[in-house]
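>>> This is a predicted model, with the sequence first.
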Amino acid sequence: MLFDRQAANIPPGGIKRIWSGPARLAAAMLVGVSAGMAAFSVMAQAPVAQVATSKPATSAQLATAVIDARASEAGILVDGVVEAVRQATIAAQIPGRILELRVEAGAVVARGQVLALIDEREVAQVAAAGEAQVARAQADLSAARVNLDRTKLLADKKFVSAAAVDKAQADYDAAAAQVATMKAGAGQSGAMKSYATITAPFAGVVSIRHAQFGDTVQPGMPLFTMFEPGRLRVVASVPETQLRDARTAKTGSIELAGLDKLIGPVAMIVQPVTDPRTHTGTLWLDLPGSVAGISPGSFARVRFAGSSRSVGAKQLLVPSQAVAHRSEVDGVYVVDDKDGIRFRQLRLGEPAGRVDGHDSIEVLAGLQAGERIALDPVAALAQLKRVAAAAK
């Protein structure tokens with residue numbers, strides 16, 4: 001529709017005058033509002049632009065490692081525990097109250113050293129009664145001897161029969177047997193009296209003190225446990241399916257907790273029987289006497305040759321510390337080329353011992369050679385949460 005200035009009776013300068021009036025004020029207000037909205041829009045978008053351009057903490061701050069495929073060593077890996085070849089639990093052999101405890105756990109003792117004393121008054125009375133019975137039996141024996149000699153003298157003079165001599169001889173033999181019996185009983189009572197003094201059966205270390213001062217003990221109640229520290233061995237349970245490989249193994253290595261080196265056993269013995277409940281065999285590996293800082297009960301890991309696993313097969317190993325356990329899910333945090341972090345579920349195999357200074361475990365599925373993972377899953381999760389919070 002065209003605007004007819006003549007039909008509207010507007011003079012030639014009328015439009016300019018109208019624009020310069022109230023319309024100009026409305027237009028100025030409209031421009032001001034538009035400028036204000038534009039400024040508000042810029043201010044509202046400024047934080048978004050700052051978040052988009054600000055660089056959050058990257059995975060470069062995390063300790064990472066590149067996973068590579070390694071040639072697997074043919075061998076069987078089992079867990080074991082260190083125990084002493086010579087160890088003993090010293091128990092009470094007589095009833096009584098503990099009067100004295102002379103050693104504590106951790107004490108180094110010599111053979112025959114006194115460890116504790118038990119009240120011996122009861123067994124002392126029994127020993128005294130035994131000695132009295134021996135004296136009575138010896139008196140009976142003396143009387144039987146005199147009677148036998150007298151009877152034989154009378155028999156030589158034909159005053160008594162031969163039956164009387166036989167009876168006197170039988171009485172004498174019975175009295176002699178009674179003396180032997182009483183002496184044996186008295187010896188047993190004397191031995192029981194000596195049991196009141198608890199001594200070390202061999203030189204070693206007291207590992208456990210079971211009793212307390214003043215306890216009343218009974219025969220068979222343990223008092224101390226001790227071991228000989230110079231002779232240690234590793235005891236490991238081997239699955240029945242790997243016993244043949246264990247018996248034919250010629251070499252082995254032992255990894256002990258707290259030591260960063262592998263130790264070769266002095267001797268390795270596979271027990272000839274299998275536990276019918278667990279279907280496992282027992283493996284004994286004697287440690288060299290030069291190993292220091294190891295005590296019975298320490299954890300050990302044993303690897304020995306002879307597995308049916310093909311030599312030279314490739315396997316992926318990851319440090320055990322890098323594996324995160326979420327309920328029943330195991331995984332690691334993978335770092336991509338752009339420093340992005342994401343959690344990856346894994347299917348794990350058996351522990352592989354210490355590799356490059358770390359306890360390692362085999363990965364069966366979930367990773368590929370050349371991928372980079374975070375060594376600290378806790379730090380990786382915290383980093384992932386910070387990046388997610390910054391992106392909101």
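Everything's here; your move.
>>> On the three-state scheme, Arg247 is what?
Here Arg247 is recorded as helix under DSSP: H, G, I helix; E, B strand; the rest coil.
>>> Would you map the helices across the protein?
Counting by DSSP state H, the segments of the chain that form helices are 14-19, 22-53, 121-156, 162-194, 243-248, 377-390.
>>> could the ones you listed go into CSV alongside distance to Gln315 and mean neighbour count?
(Each C-beta comes from the backbone N, C-alpha and C, glycine too.) Shown next, in CSV, are those (distance: least, Cβ to Cβ, whole Å; neighbours: other Cβ atoms under 10 Å):
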stretch, distance to Gln315, mean neighbour count
helix 14-19, 86, 12
helix 22-53, 43, 10
helix 121-156, 66, 16
helix 162-194, 62, 16
helix 243-248, 18, 16
helix 377-390, 21, 15
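>>> With respect to Gly366, which of those lies nearest?
Gly366 lies closest to helix 377-390 among the helices of the chain, at 14.3 Å (Cβ to Cβ).
>>> Mind checking the pLDDT average for the closest one?
Helix 377-390 shows a mean pLDDT of 83.
>>> Let's have the helices of the chain in CSV, adding distance to Gly331.
Putting the helices of the chain into CSV (distance: least, Cβ to Cβ, whole Å) gives the following:
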stretch, distance to Gly331
helix 14-19, 72
helix 22-53, 29
helix 121-156, 66
helix 162-194, 65
helix 243-248, 32
helix 377-390, 9
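>>> For Thr216, find the nearest of those.
helix 121-156 (11.3 Å).
>>> low-scoring stretches of the chain, by residue?
1-60, 71-75, 249-251, 260, 305-314, 352-354, 357 (pLDDT under 70).
>>> okay, now the domains of it?
What automatic domain parsing lists as the domains of the chain is 61-72+314-390, 76-85+229-304, 96-118+196-227, 120-194.
>>> quick revisit: quick one: closest of the helices of the chain to Phe202.
Checking those against Phe202 by Cβ to Cβ gives helix 162-194 as the closest, at 18.0 Å.
>>> And that closest one, what does it pack against?
Packing contacts for helix 162-194, counted by 3 or more Cβ pairs under 8 Å, 6 or more residues apart in numbering; DSSP states H and E, involve helix 121-156.
>>> same for the helix it packs on, what does it pack against?
Contacts defined by 3+ Cβ pairs under 8 Å, 6+ apart place helix 121-156 against strand 96-101, helix 162-194.
>>> mind running it again at 7 Å?
Applying 3 or more Cβ pairs under 7 Å, 6 or more residues apart in numbering; DSSP states H and E, one finds that helix 121-156 contacts helix 162-194.
>>> and the helix it packs on, how far from the chain's centre?
Relative to its chain's centre, helix 162-194 lies at 59 Å (Cα atoms, centre = their mean, to the nearest Å).
>>> How about stretch 294-302?
8 Å.
>>> got the CA coordinates for it in CSV?
In CSV, the C-alpha atoms belonging to stretch 294-302 read as follows (Å, rounded to 0.1, in the frame of the first residue of the first chain):
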residue,chain,number,x,y,z
ILE,A,294,61.5,-62.2,57.0
SER,A,295,59.4,-63.8,59.7
PRO,A,296,56.9,-66.7,59.8
GLY,A,297,53.5,-65.7,58.5
SER,A,298,54.8,-63.4,55.8
PHE,A,299,53.2,-63.4,52.4
ALA,A,300,55.1,-65.0,49.5
ARG,A,301,54.5,-65.5,45.8
VAL,A,302,56.1,-68.5,44.0
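>>> And the strands in the stretch 201-350 of the chain?
According to DSSP state E, counting those that start in this stretch, the stretch 201-350 of the chain carries its strands in the segments 204-209, 216-217, 222-227, 232-239, 252-256, 262-263, 267-274, 280-286, 299-304, 314-319, 324-326, 329-335, 341-345, 347-355.
>>> can you tell which of those strands is closest to Ala88?
Set against Ala88 and scored by Cβ to Cβ, the strands of the stretch 201-350 of the chain come closest in strand 222-227, at 6.1 Å.
>>> Given that closest one, what are its sheet partners and their directions?
Strand 222-227 has the following strand partners under DSSP bridges: strand 87-91 (antiparallel), strand 204-209 (antiparallel).
>>> Just say which of these is most tucked in.
strand 204-209 (a mean of 18; mean count of other Cβ atoms under 10 Å).
>>> any idea how far it is from the chain center?
For strand 204-209, the distance to the chain centre is 20 Å (Cα atoms, centre = their mean).
>>> what's the closest non-adjacent residue to Pro95?
Once flanking residues are discounted, Pro95 sits nearest to Gln218: 5.2 Å by Cβ to Cβ, 6 or more residues apart in numbering.
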